[in-house]
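Engineer: okay, here's the prediction I keep looking at, along with the sequence it came from:
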Amino acid sequence: MNRAPRAQIVVVMGVSGVGKTTVAKGLSTVLGWTYAEGDAFHSEANVAKMAAGTPLTDEDRWPWLRSIGEWMSAEIAAGRSAVVTCSALRRVYRELVRAGRPEVVFCHLVADPGLIGDRMERRADHYMPASLLPSQLATLEPLEPDEPGVEVSVDGEAAQVIARALAALDLQPPGTRTPRDTRTREGNTR
Ligand SMILES: Nc1ncnc2c1ncn2[C@@H]1O[C@H](COP(=O)(O)OP(=O)(O)OP(=O)(O)O)[C@@H](O)[C@H]1O
Ligand SMILES: O=C(O)[C@H](O)[C@@H](O)[C@H](O)[C@H](O)CO
């Protein structure tokens, strides 16, 4: 029987400035998957708060996380695989995003804080000030072993990082799978 493969959702997570947008866009292009920018789901109030240099609270983040989850559910219902950025700093946030969606896997981007700070300082067209990096790092709870996902270093050029993320996630661009790979993955409920 010819069954359509289940949709997969990759959440590219990590602190502000670590490279989520860069990597998520790259993955979606290579894989031909839908892409969404998690920042676009923030309320104007959240954006204004961050732009003013004030960290968001849990209460600020819950509605934002729920909107991202709703977007994922729509993609899953349509049978589309997708990549979305979402800082997903705390485990409870990731649990909210995953709840009822076994298709979700996280790609946690990591780097030396100095490297992230440099990249943020050089980025001109973004509301998030580099001064919020310490609070992002303090809030971050790295992926735990029982959570679905991988950790990927963003050291090096963007193309290298995207290739590293694909390999860590065990994803191949369409057309590059051998029949043997296809058989293996059909039976894999990861
Ligand atoms: N591998 C890389 N090498 C050099 N520069 C990079 C790399 N990845 C990202 N950058 C640059 O670093 C800055 C931050 O990257 P990006 O905007 O993708 O991060 P982000 O995690 O999406 O940030 P935010 O959460 O604040 O939106 C950008 O100016 C981007 O062009
Ligand atoms: O949880 C948070 O504090 C926010 O999502 C931030 O991480 C920003 O949205 C993002 O990084 C934009 O710069």
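Structural biologist: Yep, that arrived. Ligands and ions are numbered 1, 2, ... in the order given.
Engineer: could you use CA atoms for every contact and neighbour count after this?
Structural biologist: Fine.
Engineer: what does this protein put close to ligand 1?
Structural biologist: Proximity of the chain to ligand 1 is confined to 16-22, 119-120, 123, 128, 154, 156-158 under the rule Cα under 6 Å from any ligand atom.
Engineer: among the residues you listed, find the lowest-pLDDT one for me.
Structural biologist: Among those, Arg123 carries the weakest pLDDT, at 88.
Engineer: what is the neighbour count of it?
Structural biologist: 14 (other Cα atoms under 10 Å).
Engineer: again, but for Asp155
Structural biologist: So Asp155, with other Cα under 10 Å, has 15 neighbours.
Engineer: for the nearest residue to it once chain neighbours are set aside, phi and psi?
Structural biologist: Nearest residue to Asp155, sequence neighbours excluded (Cα to Cα, 6 or more residues apart in numbering): Ala111, at 6.6 Å. Phi and psi for Ala111, reported as degrees, to the nearest 10, are phi -160, psi 170.
Engineer: pull up the pairing partners for the longest strand seen in the chain, direction included.
Structural biologist: In the chain, taking DSSP state E as the definition, the longest strand is strand 104-110. Using DSSP bridges, strand 104-110 pairs in its sheet with strand 9-13 (parallel), strand 149-153 (parallel).
Engineer: redo these as JSON lines? Include mean neighbour count.
Structural biologist: JSON lines is the format used below for these (neighbours: other Cα atoms under 10 Å):
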{"stretch": "strand 9-13", "mean neighbour count": "27"}
{"stretch": "strand 149-153", "mean neighbour count": "18"}
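Engineer: out of those, the one nearest ligand 2 is which?
Structural biologist: Nearest to ligand 2 among those is strand 9-13 (8.8 Å), distances taken as Cα to the nearest ligand atom.
Engineer: might one say that Ser87 is in contact with Ser16?
Structural biologist: Yes. If you go by Cα atoms under 8 Å, Ser87 and Ser16 touch, sitting 7.0 Å apart.
Engineer: show me what contacts the closest residue to Glu121 other than its chain neighbours?
Structural biologist: Nearest residue to Glu121 in three dimensions, chain neighbours excluded: Ala130, at 6.2 Å (Cα to Cα, 6+ apart). Neighbour list for Ala130: 117, 120-121 [criterion: Cα atoms under 8 Å, 6 or more residues apart in numbering].
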